[in-house]
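A.B. asks: Sequence and computational prediction follow.
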Amino acid sequence: MTRRAAVGLGLAALLPLGFLGVFFAWPVLAIFRLGLAKGGVLDALGQSETWRLVGFTLGQAAASTVLALLAGLPVAFLLARCALRGIGLARTVVMVPFVLPTVVVGLAFRALWPDGGVLSIVLANAFFNVAVVARTVGGLWSHTDRRAEDAARALGASRWRAFTSVVLPAIAPAVASAAAVVFLFCATSFGVVLVLGGGRFRTLETEIYLRTVELFDLSGAAALSLLQFVAVVAVLLLGAAARRRRETALRLRRKAETARRPTGGEWAVVAAAFAVVAALLVPVVGLVLRSLSTSDGWSLAGYRALSGTGQNGTLAVSGLDAAMNSLRTATDATLLALFVGVFAAVVLVGLRRGRTGHGLGTALDTALMLPLGVSAVTVGFGYLITMDALPGDLRTSPLLVPFAQALVVTPLVVRMVLPVLRAIDERLRQAAATLGASPLRVWREVDLPLAGRSLLAAAGFGYVIALGEFGATSFLVRPDAPTLPVVVARLMARPGGLNGQMAYAACTLLMVVTIVAVVVIEKLRVPTRAGAVGEF
Amino acid sequence: MIRRTMIAAAAASALALVAGCSLSGGSGSSSSSGNSPQSTDHSVTLVTHDSFVVKQEVIDEFQRSSGIKVTVLKSGDAGALTNKLVLTKGNPIGDAAYGVDSTFASRALGEGVFQEYQSPEGDKGPQRYAADGSHKLSAVDVGDVCVNVDTGWFAAKNLPEPKTYQDLADPKYRDLLVVEDPATSSPGLAFLFGSIGKLGESGWTDYWTKLKANGVKVVSGWEEAYNQDFSGSAGKGPRPIVVSYASSPAAEIGQDGTPRTKALLDTCYRQVEYAGVLSGAKHVDDAKKVVDFLLSEKFQAQVADQMYVYPAREGVALPEAWTKAAPLPKDSAALPADKIQANREHWVQQWRTLVQG
């Protein structure tokens, strides 16, 4: 790497690192310091109860990740490789679980398995995360060249052999990426464990919440947070090591070239994928039915009440206004996360090219993922004791909402864009540079066209996460501008049949908004010359 | 080439426009109060809990008549609110706070979160519920946690409804009660405190052992217990006895005008919610007026409908449905705040070992 390129890369790295430092590392370290100052951390680490929590947290997250992978891979195949009617619908539908408020999904799973315990926790976690697997893996899969696979088959390899020796190595980086993200989401899943665990099953996350919010035992919380931190970093480094050995340049293709009508045994995979999609729809349909049913039969009363400001005006805004608020904050968060995430991905790709960059790259990559693995309540309370030092007292500013949401969305953008960027053959970039293109021009002419689709997919995914985000939003959002998930939570906390119906109606509205947003985002096109990919 | 650059530029500026719109659209009205010079205009930030709701016309009228712009900042449940106030006591995030309840009051008072202010409205009823003698907190509302029963269920089974704590441990009512985990739920904690208040520090552990033997079901939150497990709500669950609020039956009135559920008035625990002026507030005088407003007739008259709690002020009429379905319990249990502060963690731990161990 030339000195100039290294300086450029260093400058580009400042943006993601600065964002992470100010809105994540600083608040988290501040709250840790407060906890450590009070002492007693070693006591908490010595208790066997603490280690049981660690065991259960990691165990349920691992089980949920395996289940999400098993359910998500057939769907990824369906989305990436199959030219069939109804794929577009399936693409959109798998995203819906992601926005649903955890309390609502928790209640739905309790209704299906009243005494499910661990099993229902794992199922619910997987329910939320099938989309991560399907979308992350599907993104890379749809760009990988099909001819190597066809050649293997022509040379006599069985379908399974062709999959394990040709396809799997090609998509392995995306599978590892997805697994890491899903693991982090499951390890820190809060609402699901709270509702379905019924107090008997507790994780580090629920205990940190309890210690911080109810007991105000900051040293106990700090001890558990440190453990959570160590566990998360260990898992991330493992994941990074697994990915490093796998990521290679691939011949990337446009999706249109790689999707075809399934044949023979592929139909079994397609059937499995549709079964997964159907299973995802069960709780969703349940919610819609609940929004329509009262103790005296079917009724639209919930929707009617939601079009106004609710019974006695308890909502402050109409459901439609809440939907607009949701869209607004999600737009801000997604743009911010795309900006930061793409910068980070470009830096990471650049670091891989340098000799000394490997270690640095792994460190930055791991750091970017950390916000997914650290308790939201820790970050939230950290904001309170740090953000007043910034101009405009950000502690109470609605601007903090998109920042907090972007913190969660950015790692996903990186994870979805990076495998594709890394799979781009370096020689393409070198050829462009040799022909006189500036680095920016190389990015626009080579990287952007090839990674464009996954960028849009990342945007869509980020948007959906931001739409469904509740933790940060609920205590930062202004009461006269609540988002839909906030409205749902308020309504669920009130007695009376109509309030319940309105809560479910608001959920339905949230799902509709999500579907429309995903469809619109995916209709966008990255501004490039058509057919650019095909030329290589 | 030029065309492509133009497209890219157009796309970039379109994105910027959307972001600009959404950011300013999202924060427009608050920045006019929060970030403008505050010495000249009157503005108060009221930090409160998530359940805070006020009729728009009531707060509008207050803002008009007083000239004070009120910015409401919701900060989680009563526990989260209290802890946030404690963490930010050196540089408070607002001027006044409302929603610290009797369970958390001594933590807030002990940490010096509030400054002294005795509202002239205080002696019109709120004083009855004072947290201590320090005049830092004014009671705004009372929300009792009581056991609720599904009256129709008991009528259909020809079983007398339970009345007392002891009845709940009676084998007649085996497998009928659902309660919330005191570690994660505010009504759950209040019910535990109620049992400690009624049965004493020596008697409550025995009582819970009996409840456990009698098939009590423990869930994490009120939402699951009331909306899903309780038979008297729209969820039509399997259990006819639930820990909820004294006010809940007012929301469960059938089309014939009779309530479907009933609160057992001998099983109530009193939770009082307080308001006060924060230490280090930037707008102390205006914050005092906001506290006065929270205790005023107009605000108090709408707390029942808006937040399902009872006004602290005397002589404020309850909504019609409430007088029949949800009268204010007369002799609710209550534990002194300092005792709660000293024992909360220990009790919850003991309860966990006993009931979930």
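C.D. replies: Sure, I can see it.
A.B. asks: the helices in the stretch 351-500 of chain A, which residues?
C.D. replies: A:357-373, A:376-386, A:400-423, A:426-434, A:439-442, A:448-468, A:471-476, A:484-492, A:497-523 (DSSP state H, counting those that start in this stretch).
A.B. asks: If I take the third one and helix A:376-386, what angle do their directions form?
C.D. replies: Going back to what we said before, that points to helix A:400-423. On the basis of axes from the mean of the first three to the mean of the last three Cα atoms, to 10 degrees, helix A:400-423 is oriented at 120 degrees to helix A:376-386.
A.B. asks: Only the C-alpha atoms, please, for helix A:400-423, written as PDB.
C.D. replies: Presented in PDB, the C-alpha positions along helix A:400-423 are these (Å, rounded to 0.1, in the frame of the first residue of the first chain):
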ATOM      1  CA  LEU A 400     -30.100  10.900  20.000                       C
ATOM      2  CA  VAL A 401     -32.800   8.500  18.800                       C
ATOM      3  CA  PRO A 402     -31.400   8.000  15.300                       C
ATOM      4  CA  PHE A 403     -27.800   7.900  16.700                       C
ATOM      5  CA  ALA A 404     -28.700   5.200  19.100                       C
ATOM      6  CA  GLN A 405     -30.600   3.300  16.400                       C
ATOM      7  CA  ALA A 406     -27.700   3.700  13.900                       C
ATOM      8  CA  LEU A 407     -25.400   2.100  16.500                       C
ATOM      9  CA  VAL A 408     -27.400  -1.100  16.100                       C
ATOM     10  CA  VAL A 409     -27.900  -0.800  12.300                       C
ATOM     11  CA  THR A 410     -24.300  -0.100  11.400                       C
ATOM     12  CA  PRO A 411     -22.900  -3.500  12.200                       C
ATOM     13  CA  LEU A 412     -25.500  -5.100  10.000                       C
ATOM     14  CA  VAL A 413     -24.700  -2.800   7.100                       C
ATOM     15  CA  VAL A 414     -21.000  -3.800   7.500                       C
ATOM     16  CA  ARG A 415     -21.900  -7.500   7.700                       C
ATOM     17  CA  MET A 416     -24.000  -7.400   4.600                       C
ATOM     18  CA  VAL A 417     -21.800  -5.300   2.500                       C
ATOM     19  CA  LEU A 418     -18.400  -6.500   3.500                       C
ATOM     20  CA  PRO A 419     -18.600 -10.100   2.200                       C
ATOM     21  CA  VAL A 420     -19.600  -8.800  -1.200                       C
ATOM     22  CA  LEU A 421     -16.900  -6.100  -1.300                       C
ATOM     23  CA  ARG A 422     -14.300  -8.600  -0.300                       C
ATOM     24  CA  ALA A 423     -15.400 -11.100  -2.900                       C
END
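A.B. asks: For residue 152, the count of nearby residues, please.
C.D. replies: No chain was given, so I picked chain A. 18 (other Cβ atoms under 10 Å in any protein chain shown). Every C-beta, even on glycine, is put in place using the N, C-alpha and C of the backbone.
A.B. asks: meant chain B actually
C.D. replies: 15.
A.B. asks: Around chain A, which positions in the stretch 101-250 of chain B sit nearby?
C.D. replies: B:107, B:181, B:183-184, B:218-224, B:226-228, B:233-236, B:244-245, B:247-248 (Cβ under 8 Å from any Cβ of the partner chain).
A.B. asks: out of the residues you listed, which are inside helices?
C.D. replies: B:107, B:222, B:223, B:224 (DSSP state H).
A.B. asks: looking at those, which has the most residues close by?
C.D. replies: Result: residue B:224 is most packed of these (other Cβ under 10 Å), 27 neighbours.
A.B. asks: wait, doesn't that one sit right on residue A:195?
C.D. replies: Yes: using Cβ atoms under 8 Å as the test, residue B:224 is close enough to residue A:195 to be in contact (5.9 Å).
A.B. asks: shared neighbours of the two, anything?
C.D. replies: Counting by Cβ atoms under 8 Å, 6 or more residues apart in numbering or on different chains, the contacts common to residue B:224 and residue A:195 are A:106, A:107, A:110.
A.B. asks: Can you narrow those down to the ones near chain B?
C.D. replies: Among those, chain B is touched by A:106, A:107, A:110 when using Cβ under 8 Å from any Cβ.
A.B. asks: Could you chop the chain up by domain?
C.D. replies: Assuming you mean chain A. Domain segmentation of chain A under automatic domain parsing yields A:1-37+A:300-528, A:52-286.
A.B. asks: should've been chain B
C.D. replies: Split by automatic domain parsing, chain B gives B:40-143+B:271-325, B:145-269+B:329-356.
A.B. asks: Distance from the shortest one to the middle of the chain?
C.D. replies: So the one you mean is domain B:145-269+B:329-356. Going by Cα atoms, centre = their mean, to the nearest Å, the spacing between the C-alpha centre of domain B:145-269+B:329-356 and its chain's C-alpha centre is 17 Å.
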